[in-house]
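> Sharing a model that was predicted from the sequence below.
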Amino acid sequence: MKPRIGVLTSGGDCPGLNAVLRGVVLAAEKLGWEVVGFRDGFEGLLPPGNHVILDRQSVNGIMALGGTIIGTTNRGHFVAKVGAGDRTIVPEDIIAGAKKILDELQVRALIIVGGDGSMVTAQQLQEAGINCIGVPKTIDNDLEATATTFGFDSAVAVVMDALDRVHTTATSHRRVMVVEVMGRHAGWIALHGGIAGGADIILIPEIPFDFDKIASVVKAREAAGYLGTVVVVAEGARPKHGEQIKRDVEGGEFRLGGVGEIVAREIAKRTGKEARCCVLGHLQRGGAPTTLDRILGTRFGVKAVQLASEGHFGSMVSYQNYQVRQVPIAEAVNRLKLVPPNGEMVQTAGDVDISFGD
């Protein structure tokens with residue numbers, strides 16, 4: 001029997017996951033290894049086991065596909081995170097069940113593709129004696145241990161395309177168009193997408209905003225002869241002295257959403273202009289990955305196999321200074337990379353007359 005490694009995709013889906021799987025499988029085959037794919041995230045590790053053998057044929061042509069061919073979930077028995085910095089412990093019997101399945105399948109190492117919450121779980125599995133390699137995945141680009149994550153570029157491209165479209169309807173109707181994008185704790189998608197799409201106002205979690213300031217920008221633009229105004233707001237943005245707009249859920253992390261409607265309503269109330277809100281939501285997670293995400297996903301998958309072959313268990317793939325490297329998973333978890341309010345990107349936006357509502 002060939003040596004075996006396992007792979008699973010956990011948490012929210014994003015473009016580039018299939019590129020990672022393809023990279024893992026092809027790199028493993030070069031070493032004479034077999035790859036076991038566990039379906040639906042960590043849940044596939046539980047008895048009786050829900051897995052599939054991934055080979056060259058099964059990953060043929062998948063790089064252009066969004067989502068993940070082995071499925072994913074951000075719920076279930078392995079949820080090890082409930083909000084920024086908060087952590088629950090995966091029960092010992094659940095980990096024992098996973099270990100039993102891996103032993104029965106003779107899987108020597110497990111590659112875990114996921115975000116911060118998935119890496120928290122990966123660290124617990126590693127501490128329990130399961131050889132783990134982490135691959136960072138999040139469209140939010142908010143992991144401190146890596147300069148960028150695959151899926152982010154694709155999400156930004158969706159935002160940019162949406163803004164290109166709402167500019168014309170904003171101008172035609174002399175409206176304010178508010179576009180709500182993802183970004184729970186970090187505003188990278190809103191910032192990059194807003195700059196690329198020519199937004200007039202960008203609201204992010206790192207810079208609390210003032211409704212009156214936003215209204216004054218809208219009025220000033222109208223006085224200067226601009227017919228429409230486009231606002232991008234991250235779902236985690238909040239007004240000064242206010243709270244994030246949350247919708248509680250049973251288990252796992254709370255959901256954010258609704259701030260876009262509130263911003264549109266307050267702008268209309270303060271300016272008298274018609275304001276409409278468009279929520280992009282899961283459009284940002286779907287569809288074909290960009291060139292950058294296809295390449296980055298492939299590099300991450302190949303590096304994960306290399307780390308497994310070298311015995312660097314407990315490590316996470318990391319992208320730094322244009323090179324794919326490694327960092328300990330333990331040092332990567334619960335360290336969010338936030339937008340520096342006085343950083344170069346924010347200054348660049350300010351220099352092209354983008355307001356942050358502050």
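Arrived safely, thanks for sending. Residues are numbered from 1 along each chain as shown.
> In a strand, residue 177, correct?
Yes: secondary structure assignment places residue 177 in a strand (DSSP: H, G, I helix; E, B strand; the rest coil).
> Quick check: the gap between it and residue 160.
Distance, residue 177 to residue 160, by CB to CB, to the nearest Å: 14 Å. For glycine as for every other residue, the C-beta is placed from the backbone atoms N, C-alpha and C.
> Give me the more crowded residue out of these two.
Remark: of residue 177 and residue 160, residue 177 carries more neighbours, 27 against 18, as counted by other CB atoms under 10 Å.
> where's the more buried one relative to residue 207, distance?
For residue 177, the distance to residue 207 - CB to CB - is 21 Å.
> do residue 132 as well
Plainly put, residue 132 is 36 Å away from residue 207 if you go by CB to CB.
> Just want to know which of the two has more residues nearby.
Set residue 132 next to residue 207 and count neighbours by other CB under 10 Å: residue 132 wins out with 24 against 19.
> Specify the beta-bridge partners of the more buried one.
Bridge pairing for residue 132 (DSSP bridges) gives the partners residue 110.
> That one against residue 125, yeah?
Yes: Residue 132 is within contact range of residue 125, at 5.3 Å (criterion: CB atoms under 8 Å).
> any shared contact partners between these two?
Taking CB atoms under 8 Å, 6 or more residues apart in numbering as the criterion, residue 132 and residue 125 both touch 110, 112.
> mind listing what's buried in the biggest helix by length in the chain?
Secondary structure of the chain per DSSP state H: the longest helix is helix 152-173. Applying a neighbour-count criterion of 16 or more other CB atoms under 10 Å, one finds 152-160, 162-163, 166-167, 170 buried in helix 152-173.
> quick one: which of the residues you listed is nearest to residue 272?
Closest approach between these and residue 272, by CB to CB: residue 170, at 15.9 Å.
> Next, the contact list for the closest one, please.
Applying CB under 8 Å, 6+ apart to residue 170 gives the contacts 176, 177, 227, 228, 229, 230.
> again, 10 Å this time
Shown in contact with residue 170 (CB atoms under 10 Å, 6 or more residues apart in numbering): 163, 176-178, 200, 226-231, 274-276.
> returning to that earlier point: any idea how far the longest helix of the chain is from the chain center?
Mean-position distance between helix 152-173 and its chain equals 19 Å (CA atoms, centre = their mean, to the nearest Å).
> Could you point out which residue ranges in the stretch 201-350 of the chain have low pLDDT?
245-257 (pLDDT under 70).
> if you go through it in chain order, where are the strands?
With DSSP state E, counting those that start in this stretch as the criterion, the stretch 201-350 of the chain has strands at 201-203, 229-234, 246-247, 255-256, 275-279, 315-320, 323-328.
> how about a markdown table for these, with distance to residue 62 and mean neighbour count added?
Formatted as a markdown table, the strands of the stretch 201-350 of the chain follow (distance: least, CB to CB, whole Å; neighbours: other CB atoms under 10 Å):
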| stretch | distance to residue 62 | mean neighbour count |
| --- | --- | --- |
| strand 201-203 | 35 | 28 |
| strand 229-234 | 31 | 29 |
| strand 246-247 | 33 | 12 |
| strand 255-256 | 29 | 17 |
| strand 275-279 | 29 | 19 |
| strand 315-320 | 19 | 23 |
| strand 323-328 | 21 | 16 |
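> Mind putting those strands into CSV with distance to residue 301?
Listed next are these as CSV, based on distance: least, CB to CB, whole Å:
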stretch, distance to residue 301
strand 201-203, 33
strand 229-234, 29
strand 246-247, 34
strand 255-256, 30
strand 275-279, 32
strand 315-320, 9
strand 323-328, 10
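> Ok, which of the ones you listed comes nearest residue 14?
Residue 14 lies closest to strand 315-320 among those, at 15.2 Å (CB to CB).
> That closest one pairs with which strands, parallel or anti?
Strand 315-320 has these strand partners (DSSP bridges): strand 132-136 (parallel), strand 323-328 (antiparallel).
> hmm, who's touching the longest one?
In this structure, residues lying in contact with strand 323-328 by CB under 10 Å, 6+ apart are 123, 126, 133-134, 136, 143-147, 296, 299-300, 302-304, 306-307, 310, 312, 314-320, 332.
> Could you export it as PDB, CA atoms only?
Extracted C-alpha coordinates of strand 323-328, given in PDB (Å, rounded to 0.1, in the frame of the first residue of the first chain):
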ATOM      1  CA  GLN A 323       7.900  33.300  -1.200                       C
ATOM      2  CA  VAL A 324       5.900  30.400   0.100                       C
ATOM      3  CA  ARG A 325       7.300  29.600   3.600                       C
ATOM      4  CA  GLN A 326       6.100  28.100   6.800                       C
ATOM      5  CA  VAL A 327       5.100  29.200  10.300                       C
ATOM      6  CA  PRO A 328       4.000  27.200  13.400                       C
END
